[in-house]
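A.B. asks: Dropping a prediction and its sequence here:
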Amino acid sequence: MSKIRYADIAFPTAVRRLFTYETGDSTIRPGMRVWVPLRSEFAIGMVVQVHDRKPEFETRPVERILDEEPVMDHTMLQLTEWIHRFYYCSWGEAVQAALPVGLNFASEKRLQVRKGFKGGISEEERELLDEIAESHLTLKEAEKRWREGKGKAFLKKALKQEWVTVWEQPKQKVDYKKVKHWQLAESVNPDKALAGLEEKERDNKWVQAFEKLTGMNLPLPHRHLLEDKLFTTYTLNRIEKEGWIESVDLPVESEPVHNGIHRPDEIKILSDQQQEAFEKIRESLDSHAFKSYLLFGVTGSGKTEVYIHALKHALEQGRGGLVLVPEIALTPQTVQRFYHIFGDQIAVLHSRLSDRERFEAWQSLKSGEKRIAIGPRSAVFAPVRDVGLIVVDEEHDTSYKQYDPAPRYHARDVAVMRAHMENAVAVLGSATPGMVSVQAVKEEKHELLHLPLRPTGTMPEVQILNMLEYKSAMRGPLTVELYNEVEKALKRKEQVILLYNRRGFASFMQCEDCGHVPQSPESSTSLTYHKKKNILLDHYSGYSRRADTRCEMCGSANLKTKGSGTQQVEEEVEKLFPQARLLRMDRDSTSGKRGHQTIYEQFLSGQADILIGTQIVAKGLDFPNVTVVGVLNADTELAFPSFRAGERMFQLLSQVAGRAGRAEKPGVVYVQTWKPDHPAIQCAKTHDFKAFARHELANREMLHYPPYSRMVVFQFKCPSWSKVQVVADKFCDAMRTVTGDEPVMGPSPSVIEWMSGQHQWEANIKLSRNFNGHAIEKLLNDIFKKYDSIKPKGSGAVRINVDVDAVE
Ligand SMILES: Nc1ncnc2c1ncn2[C@@H]1O[C@H](COP(=O)(O)OP(=O)(O)OP(=O)(O)O)[C@@H](O)[C@H]1O
Ligand SMILES: [Zn+2]
């Protein structure tokens with residue numbers, strides 16, 4: 001008998017501690033998944049440590065080891081542990097985020113027929129039991145098979161009598177998604193079948209369809225056939241009725257990836273400034289030590305080309321690369337540029353992959369078949385072998401932050417930590433870096449690489465249109481000036497992008513005479529309007545007051561509630577330019593696997609004149625024929641209740657301006673605003689990021705916002721309104737007792753007060769920047785301990801979520 005060893009195991013529950021089990025199996029190693037008893041059931045857990053220290057408590061045995069080889073290597077375990085500590089989630093939750101579906105913690109309920117019971121059972125029932133025993137059905141499958149009538153009654157009885165028991169089992173295989181295909185029936189001879197028809201039947205559509213089928217390479221998916229008008233569900237069923245074809249469920253082939261051409265020799269020659277940036281990165285790669293850079297380059301300055309050269313160098317060193325992009329930027333256009341140079345060495349991980357595709361991509365990276373991963377936030381966990389370079393493009397993008405569920409991590413920070421652990425080089429790129437990264441450069445945590453110029457084209461001119469002056473000169477949502485420019489562009493056969501900012505879920509008040517949005521005196525953010533109570537509320541501090549009746553700036557009584565209702569804008573634009581061909585791009589129109597690509601291609605190929613869209617159109621797109629870009633409502637960003645509003649408006653304007661004038665034709669960006677003097681607008685006009693950053697940082701420092709503090713947000717959720725409020729209050733008491741100097745704000749209702757049957761409240765604390773992972777973990781532990789000692793009765797019903805570095 002081999003020696004007993006102990007395994008510390010992480011589970012994907014919110015409980016932050018590990019559990020220790022024993023095993024005599026010497027093959028067990030960290031990074032393997034195991035099947036173990038947990039409370040009264042079984043569960044899958046991840047082994048994070050194996051040791052010989054017998055715990056004081058009684059340990060239960062590991063039932064089964066699920067992996068022959070670790071699915072997570074040492075670095076990934078280390079990285080998930082860091083996430084567990086820093087973002088205050090369980091280690092298992094971090095592991096769950098890092099593993100693809102299919103290597104995850106999924107289990108399923110299977111049916112098992114009890115052995116050796118006698119009598120009291122009919123012949124028919126015996127048969128059904130044999131069927132269950134033979135086909136290893138899951139409970140779900142059985143319920144589907146015996147959905148109604150007798151069968152259903154039988155299943156119910158079998159479970160009740162315990163002829164059949166339900167076993168929780170680890171689910172290890174990723175299912176191939178199966179879809180309906182058609183193939184020729186085995187027994188049919190097509191020529192004979194057709195010859196047997198009467199003359200007049202030959203003209204039938206279904207007969208023609210069959211003739212066509214006989215010449216095709218079957219089996220083919222039903223959906224695929226429907227693309228041909230000849231094939232309809234009716235014609236296919238009709239042929240089946242004849243007994244000539246039959247349907248089978250077959251796995252879908254992964255869609256072929258259209259990544260364009262692969263021409264590594266066509267790598268661009270870098271401009272001098274690009275070359276300079278690249279040289280630095282190359283030196284760091286050659287030194288095989290950790291280094292992080294902020295690549296600050298105006299839109300269109302050629303950051304992507306620098307990434308490509310750096311990746312190429314990493315590959316030449318025999319190392320791999322990881323490229324993070326915002327999901328929105330993961331357009332075929334971006335992917336093609338990397339594919340062009342690296343071909344099949346790239347695995348693309350976007351959110352629209354099926355589980356199967358995701359799993360395959362993951363495997364191809366882990367096996368070393370593919371060397372580069374490109375994907376959004378979660379790709380930071382891609383098992384690229386021996387990572388040399390990690391790129392985070394558009395590092396300021398908010399999609400890098402995960403909000404729900406835990407772990408609430410920031411992929412940019414995880415990327416830098418991963419680079420650190422793997423002695424790799426991290427390159428964070430942006431035309432409008434976030435304040436946290438700017439500050440990190442000041443503190444010499446990142447080194448700055450600067451690309452101040454575009455290699456081709458010029459920076460577009462930005463014109464500010466003051467809404468105050470155009471109040472009585474509007475054509476729908478467009479100022480006359482913008483209207484005229486759009487009209488002229490259309491006449492010149494050039495294209496136009498119109499952007500309306502959609503910030504649907506918070507409503508606010510705005511003065512229609514001066515454009516003012518009421519501000520909180522306590523947090524310097526805008527106030528949200530709560531219709532039910534007719535109040536204006538600050539979600540940071542909890543400050544509230546009766547809704548204003550007059551504008552606090554100009555005294556006008558013309559205060560209106562604003563918020564959503566953007567559909568109308570589109571309709572109005574349509575009416576203004578009835579002869580123009582319109583395309584719309586927003587979350588709704590881009591759902592589906594190809595939505596974004598289709599719209600993009602249509603617009604690029606000139607099938608539309610005006611592209612009207614939300615923030616989505618501001619990113620990652622390159623349209624050479626666009627000469628007019630209009631921002632209809634730049635200020636909506638400022639009305640959003642966040643201290644980051646100014647930064648986001650500046651980013652949005654810079655990004656959208658970056659869409660124009662990228663080719664020979666110069667472009668002009670028209671920004672309609674009530675706040676022409678706002679620093680974000682003024683600096684966007686002159687493309688002066690540095691001036692904006694100076695202003696913004698000074699502001700943040702004064703108000704002790706990030707990057708001068710770390711913001712930890714606590715969210716309280718419960719179906720009961722009174723409970724949520726009581727718990728939030730008590731929790732804040734606990735925080736105030738424990739934290740001493742660090743300012744606690746709240747509690748107050750969340751911006752989204754009520755969602756999916758849950759009332760949501762919030763509180764936050766601004767910690768000084770010196771708090772590192774361990775200090776934060778300790779502080780939070782202390783807060784929760786204190787809270788546990790004073791928590792009210794029934795508080796278990798309230799979920800408390802912790803979000804470290806929630807906003808920056
Ligand atoms: N060295 C170069 N030689 C020729 N063309 C280049 C070079 N570098 C970049 N370009 C071209 O300039 C354009 C802008 O470059 P790129 O997209 O890499 O910039 P970017 O900084 O990543 O832009 P954005 O911030 O808008 O995403 C592209 O069409 C690219 O092909
Ligand atoms: Zn006013």
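C.D. replies: Right, received. Where do you want to start? Ligands and ions are numbered 1, 2, ... in the order given.
A.B. asks: tally of neighbours for the residue in the stretch 601-750 of the chain that ligand 1 sits nearest to?
C.D. replies: The stretch 601-750 of the chain approaches ligand 1 most closely through residue 658 (4.6 Å), counting by Cβ to the nearest ligand atom. (C-beta placed from N, C-alpha, C; glycine too.) Using other Cβ atoms under 10 Å, residue 658 has 27 neighbouring residues.
A.B. asks: Cross-check the contact I'm expecting between it and residue 431.
C.D. replies: Yes - if you go by Cβ atoms under 8 Å, residue 658 and residue 431 touch, sitting 6.4 Å apart.
A.B. asks: separation between the residue of the stretch 601-750 of the chain closest to ligand 1 and ligand 2?
C.D. replies: Distance, residue 658 to ligand 2, using Cβ to the ion, to the nearest Å: 33 Å.
A.B. asks: and this protein, which residues reach ligand 1?
C.D. replies: Residues of the chain found near ligand 1 (Cβ under 6 Å from any ligand atom) are 268-271, 274, 297, 299-305, 431, 455-456, 658.
A.B. asks: Cross-reference those with the helices and report the matches.
C.D. replies: Judged by DSSP state H, the residues of the chain next to ligand 1 include 274, 303, 304, 305 as members of helices.
A.B. asks: what residues are up against the second one?
C.D. replies: Contacts here follow Cβ atoms under 8 Å, 6 or more residues apart in numbering; on that basis residue 303 touches 295, 297, 393, 429, 431, 451.
A.B. asks: list the contacts for the fifth one?
C.D. replies: Contacts of residue 431 were listed using Cβ under 8 Å, 6+ apart, and they are 296, 297, 298, 299, 301, 303, 654, 655, 658, 689.
A.B. asks: List the contacts of the first one.
C.D. replies: In other words, residue 296. Applying Cβ under 8 Å, 6+ apart, we find residue 296 in contact with 429, 430, 431, 433, 448, 449, 450, 451, 689.
A.B. asks: Can you name the residues bridging to it?
C.D. replies: With DSSP bridges applied, residue 296 shows beta-bridge pairing to residue 430, residue 450.
A.B. asks: before we move on, back to that, from the contacts of residue 296, list the buried ones, please.
C.D. replies: Among the contacts of residue 296, those classed as buried by neighbour count (16 or more other Cβ atoms under 10 Å) are 429, 430, 431, 433, 448, 449, 451, 689.
A.B. asks: Turn those into TSV, including pLDDT and distance to residue 383.
C.D. replies: As requested, the buried ones among the contacts of residue 296 are exported to TSV (pLDDT from 0 to 100; distance: Cβ to Cβ, whole Å):
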residue	pLDDT	distance to residue 383
429	97	23
430	95	26
431	93	31
433	96	28
448	98	31
449	98	28
451	95	31
689	95	36
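A.B. asks: Give me the neighbour count for residue 383.
C.D. replies: Neighbourhood size, residue 383 [other Cβ under 10 Å]: 25.
A.B. asks: try residue 141
C.D. replies: Neighbourhood size, residue 141 [other Cβ under 10 Å]: 16.
A.B. asks: Am I right that it is in a strand?
C.D. replies: No - counting by DSSP: H, G, I helix; E, B strand; the rest coil, residue 141 is not found in a strand; it is helix.
A.B. asks: distance of it from ligand 1?
C.D. replies: 48 Å (Cβ to the nearest ligand atom, to the nearest Å).
A.B. asks: Just the closest of the contacts of residue 296 to residue 339, please.
C.D. replies: Taking Cβ to Cβ as the measure, residue 339 sits nearest to residue 429 out of the contacts of residue 296, at 19.0 Å.
A.B. asks: Identify the residues contacting that closest one.
C.D. replies: Residue 429 makes contact with 294, 295, 296, 297, 303, 306, 307, 391, 392, 393, 394, 395, according to Cβ under 8 Å, 6+ apart.
A.B. asks: I'd like the residues you listed as a markdown table, with distance to residue 220 appended.
C.D. replies: Formatted as a markdown table, the contacts of residue 429 follow (distance: Cβ to Cβ, whole Å):
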| residue | distance to residue 220 |
| --- | --- |
| 294 | 51 |
| 295 | 47 |
| 296 | 51 |
| 297 | 48 |
| 303 | 43 |
| 306 | 45 |
| 307 | 40 |
| 391 | 40 |
| 392 | 42 |
| 393 | 39 |
| 394 | 40 |
| 395 | 45 |
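A.B. asks: Closest to residue 347 out of the residues you listed?
C.D. replies: Here the nearest of the contacts of residue 429 to residue 347, counting by Cβ to Cβ, is residue 391; it sits at 14.7 Å.
A.B. asks: I'd like to know the average pLDDT value across the helix or strand the closest one falls within.
C.D. replies: If you go by DSSP states H and E, residue 391 is part of strand 387-392. What strand 387-392 shows for mean pLDDT is 98.
A.B. asks: any idea how far the next helix or strand after that strand is from the chain center?
C.D. replies: Next helix or strand after strand 387-392 toward the C-terminus (DSSP H and E): helix 411-421. Distance, stretch centre to chain centre, for helix 411-421: 18 Å (Cα atoms, centre = their mean, to the nearest Å).
A.B. asks: So for helix 411-421, mean pLDDT?
C.D. replies: Averaging pLDDT along helix 411-421 yields 98.
A.B. asks: follow-up on the earlier one: of all the contacts of residue 296, which comes closest to residue 606?
C.D. replies: Within those, distances to residue 606 taken as Cβ to Cβ reach their minimum at residue 431, with 26.9 Å.
A.B. asks: Which of the contacts of residue 429 sits closest to residue 708?
C.D. replies: When these are compared against residue 708 (criterion: Cβ to Cβ), the nearest one is residue 294, at 18.2 Å.
A.B. asks: Excluding sequence neighbours, find me the nearest residue to the closest one.
C.D. replies: residue 446 (4.4 Å; Cβ to Cβ, 6 or more residues apart in numbering).
A.B. asks: Can you give me the distance of that neighbour to residue 715?
C.D. replies: Distance of residue 446 to residue 715, given as Cβ to Cβ, to the nearest Å: 31 Å.
A.B. asks: now residue 513
C.D. replies: Per Cβ to Cβ, residue 513 is found 37 Å from residue 715.
A.B. asks: got the contact list for stretch 224-242?
C.D. replies: The contact list for stretch 224-242 (Cβ under 8 Å, 6+ apart) reads 182, 193, 205-206, 208-210, 212-213, 222, 245-247.
A.B. asks: May I see the buried residues of it?
C.D. replies: Within stretch 224-242, the residues that count as buried by 16+ other Cβ under 10 Å are 225, 231, 235, 236, 238, 239.
A.B. asks: now do stretch 697-707
C.D. replies: Neighbour count says stretch 697-707 has 697, 699, 700, 705, 706, 707 buried, by 16+ other Cβ under 10 Å.
A.B. asks: contacting residues around it?
C.D. replies: Here stretch 697-707 has contacts from 435-436, 438-440, 523-524, 643, 646, 708, 711, 743, 766, 769, 805, 807-808, using Cβ under 8 Å, 6+ apart.
A.B. asks: Would you list the buried entries among these?
C.D. replies: By neighbour count, with 16+ other Cβ under 10 Å, the contacts of stretch 697-707 hold 435-436, 438-440, 523, 643, 646, 708, 711, 766, 805, 808 as buried.
A.B. asks: Cheers, nothing more for now.
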